[in-house]
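1. Next comes the sequence, and after it the predicted model I'd like to discuss.
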Amino acid sequence: MKAREVNFDGLVGLTHHYAGLSFGNEASTKHRHRVSNPKLAAKQGLLKMKALADAGFPQAVIPPQERPNVQVLRQLGFSGSDEQVVEKAAAHSPHLLSAVSSASSMWVANAATVCPSADALDGRVHLTVANLNNKFHRAIEAPTTEAVLKAIFRDEHKFAVHPALPQVAMLGDEGAANHNRLGGEYGEQGIQLFVYGREEGGNTAPGRYPARQTLEASQAVARLNQVCPRQVIFAQQNPAVIDQGVFHNDVIAVSNRQVLFCHEQAFLHQQALFSQLRARVPGFMALEVPDAEVSVSDAVETYLFNSQLLSREDGSMVLILPQESREHPGVWRYLTTLLEQDNPISEIKVFDLRESMSNGGGPACLRLRVVLTDDEARAVNPAVMMNDVLFRALNDWIERYYRDRLTQADLADPMLLRESREALDTLTKMLRLGSVYPFQQ
Ligand SMILES: NCCC[C@H](NC(=O)CCC(=O)O)C(=O)O
């Protein structure tokens, strides 16, 4: 059946700030306590969505979450009015308040793992919410992610949204950032490549930085998503690159249809994996970047592989890159030759996503890919689809509610809590989501 890939991008939230919360993500550590600009961050993301929608790529938006997360602070024993809860948390631990205020839900590649209906045993589109167990500030995203996805993918005959796996390290799951789907047309059966960082009890794991995804989690997600077992491959990420800052597979690899674009050190036993893919994906093409041309550290710094690879109707592909890749002479030289070589990539588009990049989130982190048939696309909540009207409405909404400067100290401001809730209440009406946030219950 004919299907298209729809990119759902996360909208940056009002509390976007730099807290150094993600050990193993070098950008997060490096920019800790830098002053952020939430308004600029949200606009940078929105401009990417609009540009891709204008270029003919179906595009939708996923709203941010309620932050600070007062509900979680109450779970940790802070009490009183909502304002007092925030005030007490700020006095007790600014770091804790940062964690419950993180706008990290913007990186929706970590929201869920998606299985298109063509691959699912029951013929529905499946989405399993990621538990993001490795980081406290991210693990608290799961319940609202589930509510939001259910408000977008409502029709249970066509969509199944599964809650996150149990919150334990053995089942650490980071969603689509560790998942690739390879194949021919989007609507045909594809091969799903689940990439994990460690196996419980296994002896091949990184030593310096955490491996966030486990094999056990990937296997459970494949089961929940009802991926036809013949179409699944589990592969381990190279632990040596996790130790160099590749905290998700999408920092070192990106795939689209028959193409896998990755660094030569991305996977453990990489050549064996390629042989499997060659045998199972018709026309499989690996665009493997040698370390001599782009080092792992350059890849981490420029997010060359945290790109989006999008198909045009004629089969050619566009590579969507962050500004940092253009500014790096070696990486840009490599990209220039990539364009000249015999492969489907015929164009490069560059976006300024600096606010998100400074926390380790590039173009690919900001989007969740959902392959949908026309029929399924019609069943998606239409209010989240990007077009001129929604773009203008969101732009005005950001202009009205967002601050252009935020530090950790500002998170204690009770006005920020009020501004955020008022803004999100307006947004849920705009996107016709109903009541998805705890403060709306
Ligand atoms: N896919 C990109 C995810 C980036 C995200 N960064 C953060 O959460 C940084 C937040 C901070 O440090 O303020 C992470 O590491 O999970």
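-> On my side now, so go ahead.

2. Pick out the residue in the stretch 201-350 of the chain sitting closest to the ligand.
-> His248 (5.4 Å; C-beta to the nearest ligand atom). Where C-beta positions appear, they are placed from N, C-alpha and C, glycine not excepted.

3. And the pLDDT at the closest residue to that residue other than its chain neighbours?
-> Nearest residue to His248 in three dimensions, chain neighbours excluded: Ala177, at 3.9 Å (C-beta to C-beta, 6 or more residues apart in numbering). Here, the pLDDT recorded for Ala177 equals 98.

4. ditto for the one 4 residues further on
-> In the prediction, the pLDDT value recorded for Arg181 is 98.

5. a strand runs through it, doesn't it?
-> Yes. Assessed with DSSP: H, G, I helix; E, B strand; the rest coil, Arg181 lies in a strand.

6. distance of the residue in the chain sticking out farthest from the centre from Ser435?
-> No residue in the chain sits farther from the centre than Gly80, which is 34.7 Å out by C-alpha atoms, centre = their mean. From Gly80 across to Ser435, the span is 24 Å (C-beta to C-beta, to the nearest Å).

7. Now do the SS call for Ala42.
-> From three-state DSSP, the assignment for Ala42 is helix.

8. what about it, distance to Arg400?
-> For Ala42, the distance to Arg400 (C-beta to C-beta) stands at 12 Å.

9. the more surrounded of these two?
-> Ala42 (27 against 11; other C-beta atoms under 10 Å).

10. my guess is the more buried one meets Val12, correct?
-> Yes. If you go by C-beta atoms under 8 Å, Ala42 and Val12 touch, sitting 4.2 Å apart.

11. In a helix, Leu416, correct?
-> Yes. Under three-state DSSP, Leu416 falls within a helix.

12. Next up, the contacts around it.
-> Leu14, Thr15, Pro68, Arg403, Asp410 (C-beta atoms under 8 Å, 6 or more residues apart in numbering).

13. How many neighbouring residues does the first one have?
-> Around Leu14 there are 26 other residues, counting by other C-beta under 10 Å.

14. Quick check: closest non-adjacent residue to the residue most central in space within the chain.
-> With distances taken as C-alpha atoms, centre = their mean, Ala109 lies nearest the centre of the chain, 1.8 Å away. Leaving out its chain neighbours, the residue that sits closest to Ala109 by C-beta to C-beta, 6+ apart is Ala177, at 4.4 Å.

15. Next up, phi/psi of that neighbour, please.
-> phi -70, psi -20 (degrees, to the nearest 10).

16. same question, Thr113
-> For Thr113, the backbone dihedrals (degrees, to the nearest 10) come out as phi -110, psi 130.

17. So which bits of the stretch 51-200 of the chain are right by the ligand?
-> Residues of the stretch 51-200 of the chain found near the ligand (C-beta under 6 Å from any ligand atom) are Ser102, Ser104, Trp107, Ala109, Asn110, Arg138, Ala177.

18. In CSV: these, plus secondary structure.
-> What follows is those, written out as CSV (three-state DSSP):
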residue, secondary structure
Ser102, coil
Ser104, helix
Trp107, coil
Ala109, helix
Asn110, helix
Arg138, helix
Ala177, helix
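
19. Show the residue spans covered by the strands in the stretch 201-350 of the chain.
-> For the stretch 201-350 of the chain, the strands defined by DSSP state E, counting those that start in this stretch cover 232-236, 253-256, 259-263, 285-289, 308-311, 317-322, 345-351.

20. other SSEs contacting the third one?
-> For strand 259-263, the elements it packs on are strand 179-182, strand 253-256, strand 285-289, judged by 3 or more C-beta pairs under 8 Å, 6 or more residues apart in numbering; DSSP states H and E.

21. So which residues of the stretch 1-150 of the chain form strands?
-> In the stretch 1-150 of the chain, the segments counted as strands under DSSP E, counting those that start in this stretch are 3-10, 59-62, 112-115, 125-129.

22. Per-residue pLDDT of Asn203, please?
-> 88.

23. okay, now it: neighbour count?
-> Other residues close to Asn203 by other C-beta under 10 Å number 6.

24. Got the phi and psi for it?
-> Main-chain torsions, Asn203, degrees, to the nearest 10: phi -110, psi 10.

25. Return the residues in contact with it.
-> Asn203 makes contact with no residue, according to C-beta under 8 Å, 6+ apart.

26. Can you tell me how far it is from Leu47?
-> Using C-beta to C-beta, we find Asn203 at a distance of 46 Å from Leu47.

27. quick revisit: just flag the most distant two among the contacts of Leu416.
-> Between any two of those, the greatest separation by C-beta to C-beta is 14.3 Å, found for Pro68 and Arg403.

28. where does the nearest residue to Asp352 once chain neighbours are set aside land on pLDDT?
-> Leaving out its chain neighbours, the residue that sits closest to Asp352 by C-beta to C-beta, 6+ apart is Gln323, at 4.7 Å. pLDDT for Gln323: 98.

29. what about the residue of the stretch 251-400 of the chain found nearest the ligand, how many neighbours?
-> Nearest to the ligand in the stretch 251-400 of the chain, going by C-beta to the nearest ligand atom, is Cys365, at a distance of 3.3 Å. By the criterion of other C-beta under 10 Å, Cys365 has 27 neighbours.
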